[in-house]
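Colleague: fold the following for me, if possible:
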Amino acid sequence: MSEYLIPTREAQATLVEKRSEFIGHVWPIETEEEARACIEWAKKKYHDARHNCWCYIVKDGAVRYSDDGEPQGTAGQPMLGVFQKEGVTNVCCVVTRYFGGILLGAGGLVRAYTQASKMALDESGISVVRRWVEVTVDCPYNFFERVKLEVTALDGVVGDVDYTDHVTVRALLPEGQEVPFGARITEISAGGFSAVEVGEVFKPVPLA
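Modeller: Next up, the predicted model:
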């Protein structure tokens, strides 16, 4: 099963270190062209900033970074390391620095750019892109919570729920988990209801 991690959404976060303001911005992207467009947007928006350092990773493609005038190795590469450590791909990050008049030194710069990138990624959240099997379960209300627990126990995601005279639970299960899930539903209901496979989708779903 092929799966990979991406940022969930565009997000930003701000860090102030010794009067210097570091604005971290993260975007989910799929191509180098999209990454460059994000970088150009940041450079225009923050045209009056001292530095707009950046990095991006394209799945099965390019990995690039820039210190944008900061001492070599103090910005772009540490920023890139944040996403490599988290295993996140298809990501572009720009950290804008407004200089506050106090030098941070190489170690201080590395920490600030690393932290601003991580804060922006935390704000974005991380999603896993994988092949999911969509299932539905029609069950009595008193089994609703148990069905949800069985979904999450297999790293699945509970989706829409319909409430009528019974409950219809829609869920996404990692590929390969639909068989054990079906067996568990049959077991807990003593055959009273079952899981029905609807189809397969390949999509991102936020990690819990």
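Colleague: contacting residues around residue 200?
Modeller: Residues near residue 200 by C-beta atoms under 8 Å, 6 or more residues apart in numbering: 131, 132, 133, 134, 175. Heads up, the C-betas are built off the backbone N, CA and C, glycines and all.
Colleague: buried stuff in the helix or strand containing it?
Modeller: Using DSSP states H and E, residue 200 sits in strand 195-206. Buried residues in strand 195-206, counted by 16 or more other C-beta atoms under 10 Å: 195, 204, 205.
Colleague: tell me the one among those residues nearest to residue 167.
Modeller: Relative to residue 167, the closest of these is residue 195; by C-beta to C-beta it sits at 13.3 Å.
Colleague: residue contacts, that closest one?
Modeller: Contact partners of residue 195, counting by C-beta under 8 Å, 6+ apart, are 135, 136, 137, 178, 181, 182, 185, 186.
Colleague: could you work out the most separated pair of the residues you listed?
Modeller: 136 and 186 (14.5 Å).
Colleague: and the strand of greatest length in the chain, what does it pack onto?
Modeller: Identified as the longest strand of the chain according to DSSP state E is strand 126-139. With contacts defined as 3 or more C-beta pairs under 8 Å, 6 or more residues apart in numbering; DSSP states H and E, strand 126-139 has these neighbours: strand 4-7, strand 167-174, helix 178-188, strand 195-206.
Colleague: from the chain's centre, how far out does it sit?
Modeller: 17 Å (C-alpha atoms, centre = their mean, to the nearest Å).
Colleague: for stretch 102-117, same thing?
Modeller: Distance of stretch 102-117 from the chain centroid (C-alpha atoms, centre = their mean) equals 24 Å.
Colleague: likewise stretch 197-208?
Modeller: 14 Å.
Colleague: sketch out the strands for this structure, chain order is fine.
Modeller: Going by DSSP E, the chain shows strands at 4-7, 11-17, 20-28, 51-57, 63-66, 91-98, 126-139, 157-163, 167-174, 195-206.
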